[in-house]
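In: Let me see the structure of the following:
(one chain, ligands or ions: 1)
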Amino acid sequence: MTQQQPIKVGIMGFGQTGRQIFELASRSDDVEVVAIADIGKPEILHYLLRSEVGRPERHRLEGNFLVNDRCRARLMEIDRPAEMPWDIFGVDIVIDSTGKYRDRDSMTDHLENGAPRVLLRTLPIDHIDRIIIPGINETSASAGDRMVSAGSATTSALALLLHSLADSFSIECGSMTTIHAFTSDQALQDYAGSDFRRSRSAAKNIIPNSHEASLWLGNILPEFDGKILTSALNVPVQEGCLLDVNLVMTDSAVDAAAVNDAMRAAAASKPGIIGAVEDPIVSSDVIGNPLSLLFDTQGTIKAGNNTIKTLSWYENLGHAARLLDVVRLYSKLDRQQEAA
Ligand SMILES: NC(=O)c1ccc[n+]([C@@H]2O[C@H](COP(=O)([O-])OP(=O)(O)OC[C@H]3O[C@@H](n4cnc5c(N)ncnc54)[C@H](O)[C@@H]3O)[C@@H](O)[C@H]2O)c1
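Out: Below is the predicted model of the structure:
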């Protein structure tokens with residue numbers, strides 16, 4: 001039997017997510033990162049990668065190549081998809097994790113420069129071919145998809161929670177607040193930006209934010225279209241996020257114990273994606289957790305006849321892992337199409 005070639009991945013945006021994808025790929029036997037575009041200098045990108053991984057000596061900088069025993073990735077100091085020559089590297093897919101290029105025109109630039117497919121690390125701002133959330137709608141993926149998003153870490157966590165509960169209960173409506181670690185696009189000190197509250201120091205404030213998950217939820221789970229409000233509170237925590245979801249259940253007989261049992265069952269049926277924790281954990285306990293949703297059974301409470309409040313944990317690493325799941329999903333579809 002011939003050995004399968006690794007999937008060749010290009011990354012634009014070597015920030016936290018880009019580095020996590022690179023590290024996960026470096027530990028896999030089926031994904032190889034071959035090119036990386038970022039505005040950062042190669043030495044700095046290499047330095048940042050080494051500062052956050054185990055056994056940092058594995059990753060060497062050889063000229064403009066980031067090298068380890070699995071990958072040899074060309075680092076390119078490039079700031080626009082239209083300038084990145086993906087064709088030279090023979091990539092199978094490009095993951096855009098800049099957070100900047102979420103529109104169809106930018107995705108088209110990636111495609112026209114030789115990327116057969118583009119996968120966004122976050123939600124798009126235009127309609128694209130597909131939003132895939134592993135654990136929910138993988139079967140909707142088609143080999144013809146060119147512009148794909150894997151949602152965001154928050155959107156995935158919310159959609160997985162709703163999808164799991166909707167298996168057992170009818171849900172009328174609800175609201176989600178993510179209590180979110182600060183992100184690198186926030187200012188450390190008060191600093192004038194385009195948004196009033198986000199111009200305030202991330203290091204010392206709870207900053208209320210809008211969250212766009214509600215805009216796209218209907219695309220992933222049509223039965224929840226327009227039924228869930230979403231918002232965020234960015235807090236002075238570097239990693240680890242908490243999803244606070246309040247749901248109005250149709251059936252007043254649903255209680256906290258039934259919700260917890262449903263989520264334990266979801267965790268058992270989707271290992272590696274959903275988990276359920278019985279211990280009284282806090283945010284730092286989820287750092288390095290590769291799940292997309294860690295349901296907190298101690299956080300479930302019922303108010304009045306129909307309202308259930310839940311807490312769930314997640315962090316960025318789970319999302320990086322899901323991005324690679326989507327890469328593998330499309331590679332499999334391509335192989336099936338070639339074989340047909
Ligand atoms: N981390 C989170 O919790 C989170 C949550 C929601 C959304 N996001 C979005 O996802 C994006 C990626 O997440 P992250 O945590 O990896 O962010 P990050 O800020 O750590 O990484 C972004 C990377 O993209 C690079 N970059 C920026 N502009 C570029 C350009 N024009 N060309 C090439 N490279 C460019 C930056 O140098 C950086 O290395 C964020 O920018 C944010 O918009 C992140």
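In: who touches the residue in the stretch 51-200 of the chain that the ligand sits nearest to in this structure?
Out: For the stretch 51-200 of the chain and the ligand, the shortest gap (Cβ to the nearest ligand atom) falls at Gly99, measuring 2.3 Å. C-betas here are computed from N, CA, C, even on glycine. Neighbouring residues of Gly99 by Cβ atoms under 8 Å, 6 or more residues apart in numbering: Gly13, Gly15, Arg121, Thr122, Asp185.
In: part of a strand, is it?
Out: No: applying DSSP: H, G, I helix; E, B strand; the rest coil, one finds Gly99 to be coil, outside a strand.
In: what about the closest residue to Val91 other than its chain neighbours, helix or strand, and which?
Out: Excluding its sequence neighbours, the residue lying closest to Val91 (Cβ to Cβ, 6 or more residues apart in numbering) is Gly10, at 4.0 Å. Secondary structure assigned from DSSP states H and E places Gly10 in strand 7-12.
In: could you give the mean pLDDT of that strand?
Out: Strand 7-12 carries an average pLDDT of 98.
In: Can you give the distance of whichever helix or strand comes after that strand from its chain's centre?
Out: Downstream of strand 7-12, the first helix or strand assigned by DSSP H and E is helix 16-26. Relative to its chain's centre, helix 16-26 lies at 12 Å (Cα atoms, centre = their mean, to the nearest Å).
In: What angle do strand 7-12 and helix 16-26 make with each other?
Out: With axes from the mean of the first three to the mean of the last three Cα atoms, to 10 degrees as the basis, helix 16-26 and strand 7-12 are set at 160 degrees to each other.
In: Each with direction, which strands does the helix or strand just after helix 16-26 pair with?
Out: Using DSSP H and E, the next helix or strand after helix 16-26 towards the C-terminus is strand 31-38. Counting by DSSP bridges, the strands paired with strand 31-38 are strand 7-12 (parallel), strand 72-77 (parallel).
In: Averaged pLDDT, strand 31-38. What do you get?
Out: 98.
In: mind saving the C-alpha coords of that strand as CSV?
Out: Taking C-alpha atoms only, strand 31-38 is exported to CSV below (Å, rounded to 0.1, in the frame of the first residue of the first chain):
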residue,chain,number,x,y,z
VAL,A,31,-0.5,17.5,8.1
GLU,A,32,2.6,19.5,7.0
VAL,A,33,2.7,23.3,7.1
VAL,A,34,4.7,24.4,4.1
ALA,A,35,4.4,28.2,4.0
ILE,A,36,3.5,31.0,6.5
ALA,A,37,2.7,34.6,5.7
ASP,A,38,2.7,37.2,8.4
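In: And the next helix or strand after it, what does it pack against?
Out: The helix or strand immediately downstream of strand 31-38 is helix 42-51, counting by DSSP H and E. On a contact count with 3 or more Cβ pairs under 8 Å, 6 or more residues apart in numbering; DSSP states H and E, helix 42-51 meets helix 16-26, strand 60-62, strand 65-67, strand 72-77.
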